[in-house]
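Visitor: Sharing a model prediction with you, sequence too.
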Amino acid sequence: MKKRNVLYALLLVLFLLAAFPASPSKAEAEVLSAGDMTGDGITTAADAACILRGIADSSLNGESRPDLDFTQNGEIDGTDVRAALLYACGGISDWVTFGERVSSGLCDERLFDRFSYTGTQNDGTGNYKSENVSINIITNRAGSSNYHYADIYIQDLSCFVTAFSNEKYLGIGESVRKMFEATPGAIVAMNGDFYSIHVFGPVIRNGVTYEDHVTKDWDIAVLRSSGELATYEYRTLTKEELTGLDAYQTWVFGPVLLDENGHAKTEFRSHVQSANPRSVLGYYEPGHYAFLTVDGRSNESEGMTTKELSQLCEDLGFTKAFNLDGGQSSVLMVQNGAVNVPFRGGRSVSDIMAIRELPEE
């Protein structure tokens, strides 16, 4: 009985020490391993639990324990607890590099666990993770059509690039595959707006302005240098407004598929509203995008009307969506080939949009 009581007492002491750790001095905090709340020199799930309790009772702050601000945003919160758990299970190997990447990245810090901090993961089929880029390829079916999309997260906008056929403005048309292979570090790509057919303008690619005229007859999408995608229905964007948008990329096609609240539209100004293969640029928030294609014109997949496509974009959670050149142009490409089933194998086009890994310094 005495042995059992002693054991219970020891367990109670261990519990109290874990539940109410002593607050270290500033000097002690500098010596402790980042995230170590118990002073044992390592960070475990138990330390994460202690951090969570400290947040709950307001006993922790960035001044007294700067080592707990893993995301370097000036405060200790639930995101830091998640980071501590990821570190405890081996998902983070270097706190300093992790903090610098998360705090300087395009994505909100709450999305940090979409990325890999212990090396690049790449299966060649478009599923990819590094500290800069995260892509997941998803194939599904809606109604009588198959659709495929790349769910994309990037920390630097320079990972989102466009490319011209033959690597020059107004070059001779090429396949999406050839342009993909000519883009260093490309992971996934999709056809663009086939700008060269009419060159309506504006044409801004990778921050370079090739045509600053703003058409009044077509819908326009603008990817700003902030990472935000802005979409405009015809006759709503002016040249003066475009100048103030700090545009990184522009596309002229459409229609815009979602209203200002991210809901599916039911009316469109488009000459091609019947079921067809489709390509769509989807947007969630800065740093989070999607390349969406819909197979069509086959027994296996009919294709989507603009109304069906708009509803799909809402169902996928896009906050904005812009229809691009579809039909035979519609191709979603990864390193081992096309993800979708391009109609008649696809065709030569004038441009693509691609996600690439950051070039090594």
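Guide: All right, it came through fine.

Visitor: So what sits opposite the residue most central in space within the chain in the bridge?
Guide: Among the residues of the chain, the one closest to the centroid is Y153, at 1.9 Å (C-alpha atoms, centre = their mean). For Y153, the beta-bridge partners under DSSP bridges are S134, H288.

Visitor: can I assume it is in contact with F112?
Guide: No: if you go by C-beta atoms under 8 Å, Y153 and F112 don't touch, sitting 9.9 Å apart. C-beta here means a position set from N, CA and C on the backbone, and glycine is covered the same way.

Visitor: Helices along the stretch 101-250 of the chain, start to end?
Guide: 176-181, 239-243 (DSSP state H, counting those that start in this stretch).

Visitor: any idea which of those helices is most buried?
Guide: helix 176-181 (a mean of 21; mean count of other C-beta atoms under 10 Å).

Visitor: so what does it touch, helix or strand wise?
Guide: Other elements packing on helix 176-181 under the criterion 3 or more C-beta pairs under 8 Å, 6 or more residues apart in numbering; DSSP states H and E are strand 186-191, strand 332-334, strand 337-338, strand 351-356.

Visitor: got a list of what A186 touches?
Guide: Contacts for A186 (C-beta atoms under 8 Å, 6 or more residues apart in numbering) come out as F180, Q335, A354, I355, R356.

Visitor: so where's the stretch 1-150 of the chain shaky on pLDDT?
Guide: 1-33 (pLDDT under 70).

Visitor: rerun that using 80 as the cut-off
Guide: For the stretch 1-150 of the chain, the stretches flagged by pLDDT under 80 are 1-35, 61-64.

Visitor: give me the number of residues near R297?
Guide: 15 (other C-beta atoms under 10 Å).

Visitor: Next: S104.
Guide: Neighbour tally, S104, other C-beta under 10 Å: 10.

Visitor: Same check on the one 3 residues further on?
Guide: With neighbours defined by other C-beta under 10 Å, the count for C107 comes to 20.

Visitor: for the one 10 residues further on, same thing?
Guide: Here the count is done by other C-beta under 10 Å, and Y117 has 22 residues near it.

Visitor: cool, R82 as well?
Guide: Quick note: R82 (other C-beta under 10 Å) scores 18 neighbours.

Visitor: now do the one 3 residues further on
Guide: In terms of burial, L85 registers 21 neighbours under the definition other C-beta under 10 Å.

Visitor: Secondary structure element for it, which one?
Guide: Assigned by DSSP states H and E, L85 belongs to helix 78-88.

Visitor: residues of that helix that come out buried?
Guide: Counting neighbours by 16 or more other C-beta atoms under 10 Å, one finds that the buried residues in helix 78-88 are T79, D80, V81, R82, A83, A84, L85, L86, Y87, A88.

Visitor: quick one: contacts for G119?
Guide: G119 touches S130, counting by C-beta under 8 Å, 6+ apart.

Visitor: measure R347 to P277 for me?
Guide: 11 Å (C-beta to C-beta, to the nearest Å).
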